[in-house]
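*Asks:* coordinates only, sequence not included:
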DNA sequence: TGCTTTTTGTTCATGCTTGAACGATACTGT
DNA sequence: ACAGTATCGTTCAAGCATGAACAAAAAGCA
């Protein structure tokens, strides 16, 4: 048993998944540097991105969307609020929840940061056609679906 | 300018890359839990995996391969050494470098952990054919190549 | 050979992330 | 109405990762 044959590196799914992890790490490092001029961490950018598309999300919603703990969001927000990029408003009906909204400055910074992000991705994926990217995304979304149920 | 049209979410590369990030986060969480019985963190598993394939790597080599800082490896090793999963030997010719080798226990634990890892990946990517996985991996390896030069 | 520069691994302070415990608020079922 | 349960956000301690500064060793070079 356990000959070279059944080593994970010969498993197409596993072998190629490792490549995904490697690429993701590489981009995280590149993006972290690229965001320094904006004084933004990737986690903060993630929050802004979600608020742009879904204004009024609660902190709990944001945490679940980003797959991080609620406390993470709590610790993340004060700096963004101090920078004037977003504001928190207590929900009128449910006094527990705080709803988050981008300020104009926040939207401004977000769009500039997104430009940098998009250019980075466009560069490193220049050799992938839109169709290939869609196929890629489909596989990834299936993975997320599989794990959402757990 | 900046109409809805040129929002990043309409950019195929960007949009689908976001799906990659989401899937990667989801798997990291699942894998972290799956590795708890082995008392292994993902970073530690990464080290063991590389040593299995390339025995005698230096700490610097490992760090570069894993895209982490050298200090990260320094902080990671004592626990693995205490658990008896690997051993460090000073290089004879270059007294600065420490070469890393898996012990038999280390290889044993690694193979068991890899089995869990592989099963997880096989499950969540069950809907991707080997050919699709290869296409996926090719795109990812191209990304890593692009960023290696930077 | 000597002197300078690189490289390797370590240490340390900093910041990020996590999960558990908590108070406040809302919901549920009787 | 009310007792028990669940949810939201916060706090806190612990574990990790990072990068700068450092000592030892090696390499480059005159």
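*Replies:* Good, I have the coordinates. What you see is a predicted model; the values in this text were computed from it and never measured.

*Asks:* alpha carbons only for contacts and neighbour counts from here, please
*Replies:* Will do.

*Asks:* quick one: the strands in chain A, in order.
*Replies:* Counting by DSSP state E, the segments of chain A that form strands are A:86-90, A:98-102.

*Asks:* residue contacts, residue A:42?
*Replies:* A:28, A:31-32, A:35 (Cα atoms under 8 Å, 6 or more residues apart in numbering or on different chains).

*Asks:* my guess is residue A:118 meets residue B:7, correct?
*Replies:* No: between residue A:118 and residue B:7 there is no contact under Cα atoms under 8 Å: 9.4 Å.

*Asks:* more neighbours, those two?
*Replies:* Using other Cα atoms under 10 Å in any protein chain shown as the criterion, residue A:118 and residue B:7 rank with residue A:118 on top: 19 against 15.

*Asks:* so that one versus residue A:7, what's the distance?
*Replies:* Look at residue A:118 and residue A:7: by Cα to Cα, to the nearest Å, they are 37 Å apart.

*Asks:* any idea which of the strands of chain A is most buried?
*Replies:* strand A:98-102 (a mean of 21; mean count of other Cα atoms under 10 Å in any protein chain shown).

*Asks:* next one: it to chain centre, how far?
*Replies:* Put simply, strand A:98-102 sits 18 Å off its chain's centre (Cα atoms, centre = their mean, to the nearest Å).

*Asks:* again, but for stretch A:63-78
*Replies:* The mean C-alpha position of stretch A:63-78 is separated from the chain mean by 12 Å, Cα atoms, centre = their mean.

*Asks:* so what's the residue nearest the centre of chain A up against?
*Replies:* Per Cα atoms, centre = their mean, the C-alpha nearest to the average position across chain A is that of residue A:46, at 4.7 Å. Listed by Cα under 8 Å, 6+ apart, the contact set of residue A:46 reads residue A:66.

*Asks:* ok, 10 Å please
*Replies:* Residue A:46 sits next to A:40, A:52, A:62, A:65-66, A:110 when contact means Cα atoms under 10 Å, 6 or more residues apart in numbering or on different chains.

*Asks:* again with residue A:140
*Replies:* Neighbours of residue A:140 in contact, by Cα under 10 Å, 6+ apart: A:134, A:146, B:16-24, B:124-125, B:128, B:136.

*Asks:* now for the helix ranked longest in chain A, which elements pack on it?
*Replies:* Counting residues, the longest helix found in chain A (DSSP state H) is helix A:12-35. Here helix A:12-35 touches helix A:42-53, helix A:104-124, helix B:12-35, helix B:59-66, helix B:104-124, helix B:130-148, going by 3 or more Cα pairs under 10 Å, 6 or more residues apart in numbering or on different chains; DSSP states H and E.

*Asks:* relative to DNA strand C, which of those is closest?
*Replies:* For DNA strand C, the closest of the helices and strands packed on helix A:12-35 is helix B:59-66, at 3.2 Å, according to Cα to the nearest atom of the strand.

*Asks:* check which helices and strands that closest one is in contact with.
*Replies:* With contacts defined as 3+ Cα pairs under 10 Å, 6+ apart, the packing partners of helix B:59-66 are helix A:12-35, helix B:42-53, helix B:70-82, strand B:98-102.

*Asks:* noted, bye for now.
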